[in-house]
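S.K.: Dropping the sequence and predicted coords here.
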Amino acid sequence: MINTNPVRVTTILSILFLFAVNIFAQVDVPRSTKAITYPLDEDVSVVFRGTTRFPRMSGNAKIKRTKKNGTEIKLAVSKMPRPFELGAGYATYVLWAISPNGQIDNLGEIKRRGFFEFDSTISVTTPLQTFALIITAEPHFLVTRPSQEIMLENLRPSAKSGRSIPTTTAVQYFGNSSDYFRDARTPEIADINYRKTPISILQAQQAIALAKYAGAEQDAKDELQEAQTFMNNAENGWQAGREEEYVDIAARKAISAAVQAETTANARREAREKRNVKLRQDAELRDAEDKYADAQREIANLRDALAGETRSLQLSERDKVNYVNQIKDLKAENARLRQEAEDARIQLAQIQAKQRAIEEAQARTRKQEQLEANSGVLMKSLSRFGAVDKTERGIELILAEDYWSGIRVSSFSDSSDAKLSGLAEVLANSPDYNVVIESHTDNSGTPAELELLTEERARAVADKMMSLGVTASRLEIKGFGATVPIVPNSTRANRAKNRRVKVVLVPNI
């Protein structure tokens, strides 16, 4: 029998067991059982009730309390399901005695008999006189707290003599709510493992997993390694065909060592957490002390500063009149200097503006002279493409009608491509000129049609120039229709003259 220290679950007068039905989709239903007070030397029979999930389970106990041996319990159970059917983490069943004051005793393991539903018996003793009996599914037989998977619980007792047996109604109790049973790392037991693997090895696997879950890999490495060694011995012995007793002893050593590793890990983790709390508290205390010392120093500094300010104030009061007069004089002087500085700034700005204007005019003059000097060469280059003239606006080039494929179209003739390419090259190499493209035609047609035609022709020339490298920002197009004839539209020859595109190179000065 394994005893734990008394656990105060609550301070009300009875033990109410809320048996939360397992985590596999059952509804949590509050349930209660009775703590029975067993009289001395009285043969008592107790029937056990199973859960609704496994209604075929049943149990019956013969219980007698003696002066010599304490309370003797002989329990028989039947139709017990396989533990792993309850979920990951369950490998066996344990009988518990729980007293009204919260003491929890692991009375022992209910060993399986067979591979499916099984019957079993257990005979144990407990020093307790008043207690409730429950059977729970557990990872291994050395657990110290019952899980929430309660399989059987005692009902009202009956004495062989017919006397009334007192019972006690109880406090709330929820069992071990560890997340281990819901953790993805918890080993699951397959049906084939349950049938072929010794139950003690399955329990050892769960015990080692529980130790790791508690952090034994970090906080109890030696103890965990010892448990793993025993586990390996048990598995190797089983696989080698050693006798069942040898395998069972090695596996139970592994369970015991794993429980020690789990206990050690929990203790060391709690100790570390307490140390960390203490370290944080000490650090906070030191920080508070440092802040207090800083505050005291700041107060002393403020006192010294206040004393100094007070002395300075006393001295300044005596010189107040002189300071006021000096301030007035300084303000007047500052105003005069500010005015002089403003006047100087304005004068400097004016001089700089004049200088910039002179420099800009000189630059324009130089550029104009340069353009004028090079205009002859440029006009000669342009003369290959049409009639060239120099006017007040700039250099004007007249593109004849033969650039177009027809009189009333805006598409170029086949022969114009080479000339337009050459013209674009000249314009692209003359970046100091903006280019105004003006299109005119004769008066044969409506004003709207003629204006649209000239605009399309001007746009066609501009697009052609841009496609051949002339920057778009230098180009400007205008379509005048028939509004600006150079001769009357009275003859066919005159109308041909009026149908023209004028390319004006305007100096960009």
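M.R.: Yep, it's here.
S.K.: can you give me the strands in the stretch 401-509 of the chain?
M.R.: All strands of the stretch 401-509 of the chain, identified by DSSP state E, counting those that start in this stretch, fall at 433-440, 475-479, 500-507.
S.K.: Tell me where the chain has helices.
M.R.: 191-196, 199-213, 216-219, 221-239, 244-318, 320-382, 416-428, 447-467, 492-498 (DSSP state H).
S.K.: Export those as a markdown table, with columns for mean pLDDT.
M.R.: As requested, the helices of the chain are exported to a markdown table (pLDDT from 0 to 100):
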| stretch | mean pLDDT |
| --- | --- |
| helix 191-196 | 63 |
| helix 199-213 | 88 |
| helix 216-219 | 88 |
| helix 221-239 | 90 |
| helix 244-318 | 89 |
| helix 320-382 | 84 |
| helix 416-428 | 92 |
| helix 447-467 | 94 |
| helix 492-498 | 91 |
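S.K.: ok, and which of those helices has the densest surroundings?
M.R.: Mean neighbour count (mean count of other Cβ atoms under 10 Å) peaks for helix 199-213 among the helices of the chain, with a mean of 24. All C-beta atoms are positioned from the backbone trio N, CA, C, and that covers glycine.
S.K.: how's the chain carved up into domains?
M.R.: 2-182, 383-507 (automatic domain parsing).
S.K.: Just give the number of residues close to Ile398.
M.R.: 16 (other Cβ atoms under 10 Å).
S.K.: Tell me if I'm right that it and Ser383 touch.
M.R.: No: using Cβ atoms under 8 Å, Ile398 is not in contact with Ser383; the gap is 10.7 Å.
S.K.: just so I know, which of the helices of the chain lies nearest Gly70?
M.R.: Each of these has some distance to Gly70 by Cβ to Cβ; the shortest is helix 244-318, at 24.3 Å.
S.K.: Just list what the closest one packs against, helices and strands only.
M.R.: helix 199-213, helix 216-219, helix 221-239 (3 or more Cβ pairs under 8 Å, 6 or more residues apart in numbering; DSSP states H and E).
S.K.: Same list (those helices) but as a markdown table, adding distance to Val487.
M.R.: Shown next, in a markdown table, are the helices and strands packed on helix 244-318 (distance: least, Cβ to Cβ, whole Å):
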| stretch | distance to Val487 |
| --- | --- |
| helix 199-213 | 108 |
| helix 216-219 | 107 |
| helix 221-239 | 112 |
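S.K.: Quick check: which of those helices is nearest to Ala353?
M.R.: helix 216-219 (81.1 Å).
S.K.: what's that closest one packed up against?
M.R.: Here helix 216-219 touches helix 221-239, helix 244-318, going by 3+ Cβ pairs under 8 Å, 6+ apart.
S.K.: Distance to Ala61 for the ones you listed - can I get that in TSV?
M.R.: Output for these, formatted as TSV (distance: least, Cβ to Cβ, whole Å):
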stretch	distance to Ala61
helix 221-239	32
helix 244-318	25
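S.K.: Out of the ones you listed, which gets nearest to Ile135?
M.R.: Judging these by Cβ to Cβ, what sits closest to Ile135 is helix 244-318, at 19.1 Å.
S.K.: ok and the closest one relative to helix 320-382, angle-wise?
M.R.: 110 degrees (axes from the mean of the first three to the mean of the last three Cα atoms, to 10 degrees).
S.K.: Run the chain-centre distance for helix 244-318.
M.R.: Mean-position distance between helix 244-318 and its chain equals 30 Å (Cα atoms, centre = their mean, to the nearest Å).
S.K.: So for Val503, what's the pLDDT?
M.R.: Looking at Val503, its pLDDT reads 95.
S.K.: Make sure it is actually in contact with Val435.
M.R.: Yes: assessed by Cβ under 8 Å, Val503 is found in contact with Val435 at 6.3 Å.
S.K.: re earlier: where among the domains of the chain is average confidence lowest?
M.R.: Among those, domain 2-182 scores lowest, with a mean of 77.
S.K.: hang on, the earlier thing: please produce TSV containing the domains of the chain, extended by distance to Ala240.
M.R.: Below are these laid out as TSV (distance: least, Cβ to Cβ, whole Å):
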stretch	distance to Ala240
domain 2-182	22
domain 383-507	92
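S.K.: nearest to Trp238, of those domains?
M.R.: With Cβ to Cβ as the yardstick, what comes closest out of those is domain 2-182 (15.3 Å).
S.K.: out of the helices and strands packed on helix 244-318, nearest to Thr136?
M.R.: Using Cβ to Cβ, the helices and strands packed on helix 244-318 put helix 199-213 closest to Thr136, at 13.9 Å.
S.K.: now the angle from the closest one to helix 221-239?
M.R.: 160 degrees.
S.K.: And helix 199-213, what does it pack against?
M.R.: Judged by 3+ Cβ pairs under 8 Å, 6+ apart, the packing partners of helix 199-213 are strand 92-98, helix 221-239, helix 244-318.
S.K.: And it, how far out from the chain middle?
M.R.: Worked out by Cα atoms, centre = their mean, helix 199-213 lies 36 Å from the chain centre.
S.K.: ditto for stretch 384-392
M.R.: For stretch 384-392, the distance to the chain centre is 73 Å (Cα atoms, centre = their mean).
S.K.: Can you list the buried residues in that stretch?
M.R.: For stretch 384-392, the neighbour count (16 or more other Cβ atoms under 10 Å) marks 385-386, 388 as buried.
S.K.: Quick one: end-to-end distance for that stretch.
M.R.: End-to-end distance of stretch 384-392 (Cα to Cα, to the nearest Å): 22 Å.
S.K.: any residues touching it, and which ones?
M.R.: 375, 379, 382, 395-400, 419, 422-423, 426 (Cβ atoms under 8 Å, 6 or more residues apart in numbering).
S.K.: which among those gets closest to Thr52?
M.R.: Closest approach to Thr52 among those (Cβ to Cβ): Leu423, at 101.9 Å.
S.K.: For the closest one, which non-adjacent residue is spatially closest?
M.R.: Phe385 (4.8 Å; Cβ to Cβ, 6 or more residues apart in numbering).
S.K.: which phi and psi does the one you found have?
M.R.: When read as degrees, to the nearest 10, the backbone of Phe385 gives phi -110, psi -10.
S.K.: From Pro507, how far off is it?
M.R.: Using Cβ to Cβ, to the nearest Å, Phe385 is found at 19 Å from Pro507.
S.K.: ok, so what distance separates Val377 from Tyr213?
M.R.: 95 Å.
S.K.: ok, back up a step: can I get the buried residues of stretch 384-392 in CSV including distance to Ile201?
M.R.: Formatted as CSV, these follow (distance: Cβ to Cβ, whole Å):
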residue, distance to Ile201
Phe385, 104
Gly386, 107
Val388, 110
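S.K.: and of those, the nearest to Lys478?
M.R.: Lys478 lies nearest to Gly386 out of the buried residues of stretch 384-392, by Cβ to Cβ, at 17.5 Å.
S.K.: Name the nearest residue to Ser316, sequence neighbours excluded.
M.R.: Tyr323 (7.4 Å).
S.K.: The one you found contacts Leu315, doesn't it?
M.R.: No: under the criterion of Cβ under 8 Å, Tyr323 is not in contact with Leu315, lying 11.0 Å apart.
S.K.: Start and end of stretch 309-329, how far apart?
M.R.: End to end - Cα to Cα - stretch 309-329 spans 26 Å.
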